[in-house]
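> what's the 3D shape of this:
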Amino acid sequence: MIRYKSLMKILSKKGYKVLVARNGILALQSVLSSRPDLILLDIMMPNMSGYEVCEHLKSNKQTHDIPIIFMSASDELFNKVKAFSVGGVDYITKPFQTEEVLARVKTHLTIHYLQRDLEKRNAELDAFAHTVAHDLKNPISAMITSISMLIDYCSDVDDTDIKELLFILLEGGKNAARIIDEILLLAGTGRGNVILEPLDMANIISKVKKLIKPMIDEYHGIIVHPSTWATALGHAPWIEQVWINYISNALKYGGHPPHIQLGFTAQVDGTISFWVRDNGSGLSHESQATLFKEFTRLDKVKAEGYGLGLSIARRIVEKLGGEVGVKSEIGKSSVFYFTLPQTSTLLTPPLQGEGSKIPLSYG
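Model prediction:
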């Protein structure tokens, strides 16, 4: 077993830079100024307990991702559960064993570095996708315009093969434009945070119906919905896209003709569930398990694009603090839903190398 001073020496010899704070307030100040890679935190400290320190750090977006290992002489289950509930990643009981402490520190630092690297790579991938899609948008728009002009120019031409070819090119261009818009939106949801504001859902639904009116007419769809809606928190442009994706799927894969019902249900957890019910033939459990993953399509025969619609809806809703899902059985209608916070309380969004900094806080 080892004491704190011995622990500091052992960690230092292993190449870690160790910072020490002897009470909770100093611990917070030290973390904010030094931004450590990992924190060893005693539960019992002057001024402020380790639990309180952890809660403060986890509520701060600048420090919320720093792994915290609690240290305590208590082996009580209550203390361990509380340590994890406030955001700790591990719990070490005093007296310490050298090998155990070093192993846990190394493990959690490795996980932390891998997570940080993954986030960086995802951000780079989003930025690349956004750049490529943005660069393709203007040329494809120009192509669509040119083909439309050719169709008008050839309106008096009797050659049906030419006309058919032009219409195929036009639909291909429009499909490519839709894919680019989806990629831009998918990349955009990973950039920064948005401010959650009360949504005028009646206005959003009205706008969505106008935007997809050509599709509604094409499929002879019937859409019914409430005249008044519960107020949820969100970002209107993103929620418009969620409704567009949900309703478009119901039109394409619902009954003949599609009869679509929109609605909402207040949940006991303070969220509102908004949903779309179709009159289709239902989905298997296997299909439901992959629906909201990228590049998954409901029907490969009917589908256009690359199956990003529902995955975009998932990323949008999760970014806003909600969840997406589907309830369906073979032979019955499907209900696609998404949840959003109802109250004004905003939800918090939600390898090992030399020189790693580990604050050691204790009383």
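
> rest of the way, CA atoms for contacts and neighbours
Will do.

> longest helix of this protein?
Under DSSP state H, the helix in the chain containing the largest number of residues is helix 98-153.

> need the pLDDT of the residue in the chain sticking out farthest from the centre.
The centre of the chain is farthest from one residue, residue 158, which by Cα atoms, centre = their mean lies 52.0 Å away. Note for residue 158: predicted pLDDT of 72.

> what's the helix or strand for it?
Secondary structure assignment for residue 158, by DSSP states H and E: no helix or strand.

> packing partners for the longest helix of the chain?
helix 160-188 (3 or more Cα pairs under 8 Å, 6 or more residues apart in numbering; DSSP states H and E).

> following element in sequence after the helix it packs on, please.
Moving toward the C-terminus from helix 160-188, the next helix or strand (DSSP H and E) is strand 197-198.

> and that following strand, average pLDDT?
92.

> ok, now stretch 61-71?
Mean per-residue pLDDT for stretch 61-71: 92.

> before we move on, the earlier item: quick one: residues contacting the residue farthest from the centre of the chain.
Listed by Cα atoms under 8 Å, 6 or more residues apart in numbering, the contact set of residue 158 is empty.

> now do the phi/psi pair for residue 92.
Taking degrees, to the nearest 10, you get phi -110, psi 130 for the backbone angles of residue 92.

> can you check residue 327 too?
phi -120, psi 120.

> ok, it - contacts?
334-336.

> excluding chain neighbours, what is closest to residue 90?
residue 69 (4.7 Å; Cα to Cα, 6 or more residues apart in numbering).

> report pLDDT for residue 353.
Model confidence at residue 353, given as pLDDT, is 33.

> gap between the residue nearest to residue 90 and residue 24?
15 Å (Cα to Cα, to the nearest Å).

> is residue 109 in contact with residue 38, as I believe?
Yes - counting by Cα atoms under 8 Å, residue 109 sits close enough to residue 38 to count as a contact (6.7 Å).

> what residues do these two have in common as contacts?
Common contacts of residue 109 and residue 38 (Cα under 8 Å, 6+ apart): residue 67.

> where does pLDDT dip in the stretch 51-200 of the chain?
124, 127-135, 175, 178-179, 182-183, 185-193 (pLDDT under 70).

> if we use 50, what do you get?
Residues of the stretch 51-200 of the chain meeting the criterion pLDDT under 50: none.

> again with the stretch 201-350 of the chain
Applying pLDDT under 50 to the stretch 201-350 of the chain flags residues 300-307, 344-350.

> could I get the full set of strands for it?
Using DSSP state E, counting those that start in this stretch, the strands of the stretch 201-350 of the chain run over residues 222-224, 233-234, 259-266, 271-277, 324-327, 335-341.

> minimum distance to residue 285: which of those has it?
Nearest to residue 285 among the strands of the stretch 201-350 of the chain is strand 324-327 (9.5 Å), distances taken as Cα to Cα.

> how about that closest one: buried residues?
Of the residues in strand 324-327, 324-326 count as buried by neighbour count, 16 or more other Cα atoms under 10 Å.

> can you report phi and psi for residue 93?
phi -100, psi 130.

> please name the bridge partners of it.
Taking DSSP bridges, one obtains residue 72 as the residues bridged to residue 93.

> OK, contacts around it?
71-75.

> could you dump the residues you listed to CSV with neighbour count and distance to residue 82?
Output for the contacts of residue 93, formatted as CSV (neighbours: other Cα atoms under 10 Å; distance: Cα to Cα, whole Å):
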residue, neighbour count, distance to residue 82
71, 24, 13
72, 20, 12
73, 13, 15
74, 13, 12
75, 12, 12
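
> tell me which of those residues is nearest to residue 284?
Checking the contacts of residue 93 one by one against residue 284 (Cα to Cα), the nearest turns out to be residue 75, at 47.1 Å.

> for the closest one, which three-state class applies?
Here residue 75 is recorded as coil under DSSP: H, G, I helix; E, B strand; the rest coil.

> quick one: the closest residue to it other than its chain neighbours from residue 72, how far?
Leaving aside its sequence neighbours, residue 75 sits nearest to residue 93 (Cα to Cα, 6+ apart; 6.4 Å). Applying Cα to Cα, the value for residue 93 to residue 72 is 5 Å.

> many thanks, have a good one.
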